[in-house]
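Peer 1: Sequence first, predicted coordinates after that:
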Amino acid sequence: MPKTVFIDRDGVINRRLIDDWVKVWEEFELLDGVPEALSLLKNADYRLILITNQRGIAVNKFTRETLDNTHEKMNELISSKDGAPFDAIYVCPHDRHEKCSCRKPQPGMILQAAQDFQDINLSECVMFGDSESDRGASENAGCKGFYKIDDEHSLLNRVKEYLK
């Protein structure tokens with residue numbers, strides 16, 4: 001039975017655009033070490049699930065179709081660099097005020113993944129993210145841990161630390 005990790009996108013997989021969104025593929029910049037980090041996790045028999053708030057859809061900055069295209073190209077790029085693509089991608093398209101259950105720090109996307117993949121044991125899962133809303137979603141879903149990604153701690157550094 002594979003173990004599962006949840007991973008945020010902006011600021012973890014790709015460069016976060018300050019006060020903006022990745023609206024089209026050309027604005028997507030993969031961060032250093034991401035393919036290797038995902039490959040290390042996959043080689044250790046982890047299922048890779050991307051969990052991402054994308055309120056740019058709600059405020060008409062891009063469409064769900066454009067986002068899905070970006071994610072498809074992201075997985076292709078990661079694979080082309082000997083990384084492991086994501087097994088599943090969950091997106092919250094809602095704005096902050098919509099009071100949905102999926103916008104982090106709410107746990108809805110993680111809980112949906114646990115429904116979709118019946119073998120997920122949330123108490124054995126961890127999340128890698130760059131924000132307190134990522135931490136909140138992880139804790140609210142009952143995950144066992146959270147690894148903060150920041151300027152000093154890349155996804156690759158944190159994955160190596162986690163897999164020790």
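Peer 2: Here it is on my side, so go on.
Peer 1: residues contacting the residue nearest to Asn69 when sequence neighbours are not counted?
Peer 2: The spatially closest residue to Asn69, leaving aside those adjacent along the chain, is Trp25, at 6.5 Å (C-beta to C-beta, 6 or more residues apart in numbering). The C-beta positions use only the backbone N, C-alpha and C, and glycine is treated the same way. By C-beta atoms under 8 Å, 6 or more residues apart in numbering, the contact list for Trp25 reads Asn69, Thr70, Lys73.
Peer 1: Name the nearest of those relative to Gln54.
Peer 2: Set against Gln54, the nearest of these by C-beta to C-beta is Thr70 (9.6 Å).
Peer 1: How about the closest one: what's its closest non-neighbour residue?
Peer 2: Trp25 (5.1 Å).
Peer 1: Packing partners of the longest helix along the chain?
Peer 2: The longest helix of the chain (DSSP state H) is helix 64-80. Using 3 or more C-beta pairs under 8 Å, 6 or more residues apart in numbering; DSSP states H and E, the elements in contact with helix 64-80 are helix 34-43, strand 88-92.
Peer 1: ok, residues contacting the longest one?
Peer 2: Read that as helix 34-43. By C-beta under 8 Å, 6+ apart, the surrounding residues in contact with helix 34-43 are 5, 13, 48, 78, 81-86, 154-156, 158-160, 163.
Peer 1: Next, the angle from whichever helix or strand comes after that helix to helix 34-43.
Peer 2: Next in sequence after helix 34-43, counting helices and strands by DSSP states H and E, comes strand 46-53. Between the axes of strand 46-53 and helix 34-43, defined by axes from the mean of the first three to the mean of the last three C-alpha atoms, to 10 degrees, the angle is 130 degrees.
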